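Q: With the input below, show me the fold.
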Amino acid sequence: MDIAGKVVSNRREELDALRGIAAVVVLLHHAHWLWPPPWALPDSLLLHTPLRMIATGRAPVLFFFVLSGFVLTLAVQRRKSFRMTDWYWRRTLRLCLPITAGLLLSLLLYHLCRFHPISHRLNPFFWQAQWGRLPTWTDWFEETALLGDATGTGYPLDAAVWSLAHEWRISVLLPLVVIWRRAWIPTIAVSALVSVVLIFSGEVAPDITLGRGLMNGLASTLYFTVFFAAGYAMAVSCARLPKGKTIRFMAWMMVLAGCSIGRDSVVLLGSCALIALVSDPASRSCRLLRGGIWQELGRISYSLYITHLPVFLTVVAWCGLFMPPVELAVVSIVCALLVATIFFWTVEMPAHRLSQFHRKRIAPPVLGGDLPPTGPTPL
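A: Numbering: from 1, shown residues only. Reported below is the predicted structural model:
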């Protein structure tokens, strides 16, 4: 598919801010699980309020999936040029080069910390999932190729990479969908049907993260297609959604439910509602999210997501024996933000520039939806 044109460069600052907020929630979730706080909160408060996002960490990751579908669709729509090979080249470089560097960083930090006693200070879940055994170059290669679930070894160098494996596989399929005009209804229907069938057949669990083995890993990826499909549907139809005070109130109630209820379907609806709320340029929430610290966090969110767990474990290894949990968590978060900022400028941005290096001029594709050609650069 070769057509000529050029790229319109534009970012949606409010969506960058949403990405930054979600990244901070993931950061707090891992800090909470690595070092349980000295105070105990009742389950009714942790699991049935927005604090659930920090307690379980699943909602922000699912939101990332929906937001990625939304942003990637806008990235294709805003282009007056599109070529499949160009798309795959750019996505591979932008996703996989930072992952490769992040896993090398984790391998280096592990060998710097391997003789420090850290396991007794960690939640056993994280100790088994991250640095639970001596990582090898085979582990590094499998994780770099995003095959940790297919081989059954998981992602011991960086447990957070599990979601990026699904994102990469689904983003490869995205251009096949968005080139069809107004195909979002069948896309949503088919994706939802696939997810329901996978759950009721027992192939994946309702709270699945990674599969075990090639087929189960691909089935897990298929389950998450409904979240990307929802983001795609929002991108091609958001301009036609009804507006008004009552609609906004109902949308905020849906967002609150998505933050507080442990159902993926509710999180999906809440994620779509939040994106719709901040995508309205006239809304107060959109204006509040433009600029400021949240947007800056959104810019480094991908680097932060890749590097924060190895940094957390390094801080535990070197400081865990003489620092109480709360102070340890604060120091770890600060260090993670500093490392992510350096990683963003030295790895992620060069990968982004490299992905633009061979961009070719091609003709405008036929794309669905009525949104103007604006949107943030994808992760």
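
Q: alpha carbons only for contacts and neighbour counts from here, please
A: Will do.

Q: and the next element down the chain from whichever strand or helix holds Thr341?
A: Using DSSP states H and E, Thr341 sits within helix 325-343. As assigned by DSSP H and E, the chain's next helix or strand after helix 325-343 is helix 349-356.

Q: Quick one: work out the angle between that next one and helix 325-343.
A: Relative orientation of helix 349-356 versus helix 325-343 (axes from the mean of the first three to the mean of the last three Cα atoms, to 10 degrees): 40 degrees.

Q: what about helix 349-356, average pLDDT?
A: Helix 349-356 shows a mean pLDDT of 88 in the predicted model.

Q: And it, what does it pack against?
A: Counting contacts by 3 or more Cα pairs under 8 Å, 6 or more residues apart in numbering; DSSP states H and E, helix 349-356 is packed against helix 84-113.

Q: How about the helix holding Thr341, which residues are buried there?
A: Within helix 325-343, the residues that count as buried by 16 or more other Cα atoms under 10 Å are 325, 328-329, 331-333, 335-337, 339-341, 343.

Q: Would you pull up how far that helix lies from the middle of the chain?
A: Its chain's C-alpha centre and that of helix 325-343 lie 19 Å apart, by Cα atoms, centre = their mean, to the nearest Å.

Q: Listing request: residues of this structure with sub-threshold pLDDT.
A: Scanning the chain for pLDDT under 70 picks out 1-11, 35-41, 43, 78-82, 116-129, 150-152, 175-214, 216, 239, 358-379.

Q: So which residue is dead centre in this protein?
A: The centre of the chain sits closest to Phe64, judged by Cα atoms, centre = their mean, with a distance of 3.9 Å.

Q: Dump the buried residues of helix 325-343 into TSV; add distance to Trp168 as well.
A: Shown next, in TSV, are those (distance: Cα to Cα, whole Å):
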residue	distance to Trp168
Pro325	35
Leu328	33
Ala329	31
Val331	32
Ser332	28
Ile333	27
Cys335	28
Ala336	24
Leu337	24
Val339	24
Ala340	21
Thr341	23
Phe343	20
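
Q: Contacts made by stretch 50-70 with the rest, please.
A: 19, 22-23, 25-26, 28-30, 32-33, 45-47, 163, 167, 171, 224, 227-235, 256, 258-262, 264, 267-268, 271-272, 275, 378-379 (Cα atoms under 8 Å, 6 or more residues apart in numbering).

Q: Check stretch 272-287 too.
A: Taking Cα under 8 Å, 6+ apart as the rule, stretch 272-287 contacts 14-15, 66-67, 230-231, 234, 238, 248, 251-252, 254-255.

Q: Check stretch 23-31 too.
A: By Cα under 8 Å, 6+ apart, the list of residues contacting stretch 23-31 reads 53-57, 60-61, 297-298, 301, 304-305, 308-309, 312, 329, 333.

Q: Next step: those restricted to helices.
A: 53-56, 60-61, 297-298, 301, 304-305, 308-309, 312, 329, 333 (DSSP state H).

Q: can you tell me which of those lies nearest to Gln130?
A: Distances from Gln130 to the ones in helices among the contacts of stretch 23-31, taken as Cα to Cα, are shortest for Leu309 (8.1 Å).

Q: For Tyr155, see how far away the closest one is.
A: From Leu309 across to Tyr155, the span is 12 Å (Cα to Cα, to the nearest Å).

Q: one step back: if we only consider the buried residues of helix 325-343, which is nearest to Ala159?
A: Using Cα to Cα, Ala336 is the member of these that sits closest to Ala159, with 15.3 Å.

Q: wait, what's in contact with the closest one?
A: So Ala336 contacts Leu304, Thr307, His308, Val311, Phe312 (Cα under 8 Å, 6+ apart).

Q: Go ahead and list the helix or strand containing the residue nearest to the centre of the chain.
A: Per DSSP H and E: helix 58-77 holds Phe64.

Q: Then Leu157?
A: Using DSSP H and E, no helix or strand contains Leu157.

Q: That one and Thr138 touch, don't they?
A: No. The pair Leu157 / Thr138 is not scored as a contact, 11.0 Å apart, by Cα atoms under 8 Å.

Q: These two: who's more crowded?
A: Set Leu157 next to Thr138 and count neighbours by other Cα atoms under 10 Å: Leu157 wins out with 28 against 9.

Q: how about the more buried one, what does it touch?
A: Going by Cα under 8 Å, 6+ apart, Leu157 touches Leu103, Ser106, Leu107, Gln130, Trp131, Pro135, Asp139, Trp140, Glu143, Pro310.

Q: hmm, back to that, are any of the contacts of stretch 23-31 buried, and which?
A: Buried by 16+ other Cα under 10 Å: 53-57, 60-61, 297-298, 301, 304-305, 308-309, 312, 329, 333, out of those.

Q: where along the stretch 101-250 of the chain do the strands fall?
A: Here the stretch 101-250 of the chain has no strands by DSSP state E, counting those that start in this stretch.

Q: What distance do you get for the nearest residue to Val311 once chain neighbours are set aside to Gln130?
A: Distances taken as Cα to Cα, 6 or more residues apart in numbering place Ala336 nearest to Val311, at 5.8 Å, with adjacent residues excluded. Distance, Ala336 to Gln130, by Cα to Cα: 16 Å.

Q: Looks like Trp294 contacts Leu15 (just checking).
A: No. Taking contacts as Cα under 8 Å, Trp294 lies outside contact range of Leu15: 9.8 Å.
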